[in-house]
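Trainee: Pasting the sequence and the predicted coordinates here, then a few questions.
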Amino acid sequence: MASTEVAEEKRSSASEHEAGGRAGTAATGAFLEVVGVHKRFAGVHALRGVSLAIRPGEVYHLLGENGCGKSTLIKIISGVQPPDEGELRINGVRFAALSSLDSLTAGIETVYQDLSLLPNLSVAENIGLTEQLVANRGRLSRRLDRRKLAQTASRALAAVGLPDTIGFQAALVESLPIATRQLIAIARAIATNARMVIMDEPTTALTKREVDNLIAVVRKLQSDGVAVLFVSHKLDECYAIGGEVIVFRDGQKVAQGPIAGFDKAELARLMTGRDIATQRYRTTPADGPVLLKVQGLGRRGAFAGVDFVLGRGEILGVTGLLDSGRNELAHALAGVASADAGSIELDGQVVALRQPGDAIGLGIGYVPEDRLGEGLFLDKSIQENIVSLVISKLRGRCGLLEPQRGRVLAEAIVRDLQVATPDVLRPVQSLSGGNQQRVLIGRWLTIKPRLLILHGPTVGVDVGSKDIIYRLVQRLAEEGLSVILVSDDLPELLQNCDRILLMKKGRLVSQFDARQLDESTLYRALLSETLPN
């Protein structure tokens with residue numbers, strides 16, 4: 001375990017680099033230096049005197065809760081935003097601020113959390129345009145060099161394990177699954193002669209196999225002398241890659257050192273300022289009567305013959321690879337895309353779930369995997385997002401909406417779910433990912449559901465917010481709410497569920513008691529190619 005003294009020593013070293021670099025000389029071997037950077041937004045001090053050095057061929061893991069300043073730092077390095085104070089140095093050359101073109105020209109490539117792909121362009125165009133933009137100083141010629149685009153895309157696609165075919169290169173990005181888009185964004189970043197690659201939550205939609213492939217890509221970049229700044233909430237991935245860890249809290253760098261010198265508990269404490277549980281959250285097994293019974297459920301081309309039961313107050317995990325049918329099963333149970341075979345019983349009554357309204361009317365809530373694209377109304381307030389399902393109940397005798405009733409309800413949800421906001425009238429897009437997710441869960445709690453389906457509930461959520469969400473789910477289950485947790489995050493499933501269902505190629509193939517299961521056993525079962533007769 002890295003001691004406080006080690007962290008202090010690292011901080012002292014950073015200060016020495018800052019002091020020694022005033023004359024414009026680079027810190028020993030540094031490609032990029034961030035020196036005394038501050039950034040403020042509407043009274044929020046997002047970065048507080050941050051200094052760090054990035055060296056060629058090294059991997060740095062930037063860790064911290066959402067809202068700690070990580071994204072702001074990335075935007076400053078990428079040239080999206082200028083610092084208010086401080087400076088940046090690239091190979092010893094000082095910049096008060098970088099433009100996006102400065103950053104790209106210097107060889108700094110960024111894979112943003114929202115991917116920033118152009119959905120109406122082809123795979124090859126998305127990958128190869130940056131190279132041509134940089135070559136032409138930010139301008140595209142009227143006639144693109146299609147041959148050059150194809151060559152650039154070919155190298156990059158092969159590097160990330162995607163198909164290198166004419167058909168795939170020509171495919172529009174908007175037609176591809178989110179996991180494939182994520183790999184395309186990574187391919188775009190490594191397509192040029194990058195000196196530094198920043199990856200902001202690059203594995204959120206990837207399977208374990210795809211994550212392993214990405215780790216190999218990172219190691220290849222490292223061996224080629226490329227610096228990598230890796231932002232992730234998944235500590236196991238950071239340990240697998242190795243390198244240095246940089247921990248942020250409240251806009252400040254609070255620790256830095258070899259990641260092998262920190263255990264998970266200490267990193268969690270450094271990120272949050274408090275101790276975070278690493279053991280099972282689920283401690284009380286469910287023993288309630290059957291709430292949900294699924295028999296022979298199927299949908300052509302997606303899944304078939306699915307049978308299971310769910311008890312009242314039980315937390316049931318569902319996992320599998322991307323083509324397993326797990327997502328489609330969740331959609332069928334939520335009425336998003338109805339099943340065309342089999343039956344669903346709720347409290348002993350056969351029900352039809354042809355559309356989301358059917359599920360809502362029966363007390364079934366669904367928190368989608370893509371909270372930004374499918375869940376939240378980003379241009380609306382926190383209050384409007386929370387009360388959107390119960391608007392009809394907030395009307396007075398004359399049928400007019402009574403905003404105060406909505407405010408009271410929203411404020412109660414915000415308090416109960418520990419959403420960090422000074423006012424429920426603030427836009428929901430002003431919140432961090434973890435707070436946004438709790439708003440989305442809170443919306444469904446307003447209908448007092450019997451069953452809550454959580455689809456990837458902590459994707460892109462920091463360790464502190466995960467802890468809050470997990471404790472909330474346990475509390476809801478203890479109060480009698482049944483939960484289906486669809487996830488490919490194996491520790492998440494093991495820590496929170498009573499049972500775990502494993503799907504492969506559209507079929508439910510295994511069921512596990514989560515209390516008697518370890519991660520390696522579940523992982524082996526997940527990757528096994530065998531199917532029952």
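Mentor: In hand now; what should we look at?
Trainee: When you work out contacts or count neighbours from here on, use the C-alpha atoms and nothing else.
Mentor: Fine.
Trainee: By mean pLDDT, point me to the weakest helix or strand of this structure.
Mentor: helix 4-20 (a mean of 37; mean pLDDT, DSSP states H and E).
Trainee: which strands and helices sit next to the helix or strand just after it?
Mentor: Moving toward the C-terminus from helix 4-20, the next helix or strand (DSSP states H and E) is strand 32-41. Applying 3 or more CA pairs under 8 Å, 6 or more residues apart in numbering; DSSP states H and E, one finds that strand 32-41 makes contact with strand 44-54, strand 85-90.
Trainee: Compare the ones you listed and report which one is nearest to residue 247.
Mentor: Closest to residue 247 of the helices and strands packed on strand 32-41 is strand 44-54 (CA to CA; 11.2 Å).
Trainee: which residues are contacting the closest one?
Mentor: Under the contact criterion CA atoms under 8 Å, 6 or more residues apart in numbering, strand 44-54 has outside partners 14-15, 18, 27, 30-40, 60, 67-69, 72-73, 86, 227, 250-253.
Trainee: From those residues, keep the buried residues only.
Mentor: With neighbours counted by 16 or more other CA atoms under 10 Å, the contacts of strand 44-54 contain buried members at 14-15, 18, 27, 30-39, 60, 67-69, 72-73, 86, 227, 250-253.
Trainee: Just give me the neighbour total for residue 47.
Mentor: Neighbours of residue 47 under the rule other CA atoms under 10 Å: 26.
Trainee: ugh, wrong one, I meant residue 117
Mentor: Neighbours of residue 117 under the rule other CA under 10 Å: 21.
Trainee: Wait, a strand at it?
Mentor: No - assigned with DSSP: H, G, I helix; E, B strand; the rest coil, residue 117 falls outside any strand and is coil.
Trainee: Contacts only, for it.
Mentor: Contacts for residue 117 were tallied using CA under 8 Å, 6+ apart; they are 126, 173, 181, 185.
Trainee: Phi, psi for it please.
Mentor: phi -80, psi 160 (degrees, to the nearest 10).
Trainee: related to what we said a few turns ago, narrow the contacts of residue 117 to those in helices?
Mentor: Per DSSP state H, helices hold the following members of the contacts of residue 117: 126, 181, 185.
Trainee: So the second one is in contact with residue 172, correct?
Mentor: This means residue 181. No - Residue 181 lies out of contact with residue 172 (CA atoms under 8 Å); the separation is 10.3 Å.
Trainee: Which one of the two is surrounded by more residues?
Mentor: Using other CA under 10 Å, the more surrounded residue of residue 181 and residue 172 is residue 181, with 20 against 17.
Trainee: measure the more buried one to residue 175 for me?
Mentor: 9 Å (CA to CA, to the nearest Å).
Trainee: go on, residue 189?
Mentor: Remark: distance between residue 189 and residue 175 (CA to CA) = 21 Å.
Trainee: Residue 307 should be in a strand, yeah?
Mentor: Yes - per three-state DSSP, residue 307 lies within a strand segment.
Trainee: ok, now which ones touch the residue nearest to residue 115 when sequence neighbours are not counted?
Mentor: Leaving out its chain neighbours, the residue that sits closest to residue 115 by CA to CA, 6 or more residues apart in numbering is residue 185, at 5.9 Å. Contacts of residue 185 were listed using CA under 8 Å, 6+ apart, and they are 111, 115, 116, 117, 127.
Trainee: Same question for residue 152.
Mentor: Going by CA under 8 Å, 6+ apart, the list of residues near residue 152 reads 124, 127, 128, 191, 192.
Trainee: Go ahead and confirm the first one touches residue 153.
Mentor: Okay, so that is residue 124. Yes - at 5.2 Å, residue 124 counts as touching residue 153 under the criterion of CA under 8 Å.
Trainee: Which ones among the contacts of residue 152 lie within strands?
Mentor: Among those, DSSP state E puts none in strands.
Trainee: For those residues, give me TSV that also has distance to residue 521.
Mentor: Compiled in TSV, those are given as follows (distance: CA to CA, whole Å):
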residue	distance to residue 521
124	39
127	38
128	41
191	37
192	40
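Trainee: how far does the helix or strand hosting residue 265 sit from the chain's center?
Mentor: Using DSSP H and E, residue 265 falls within helix 264-272. The chain centroid and the centroid of helix 264-272 are separated by 19 Å under CA atoms, centre = their mean, to the nearest Å.
Trainee: avg pLDDT for the helix or strand harbouring residue 442?
Mentor: Using DSSP H and E, residue 442 sits in helix 433-445. The average of the pLDDT scores along helix 433-445 is 93.
Trainee: which residues sit against that helix?
Mentor: 66, 365-367, 371, 375-376, 382, 385-389, 413-414, 417-420, 428-429, 452, 457-458, 460-462, 465-466, 469.
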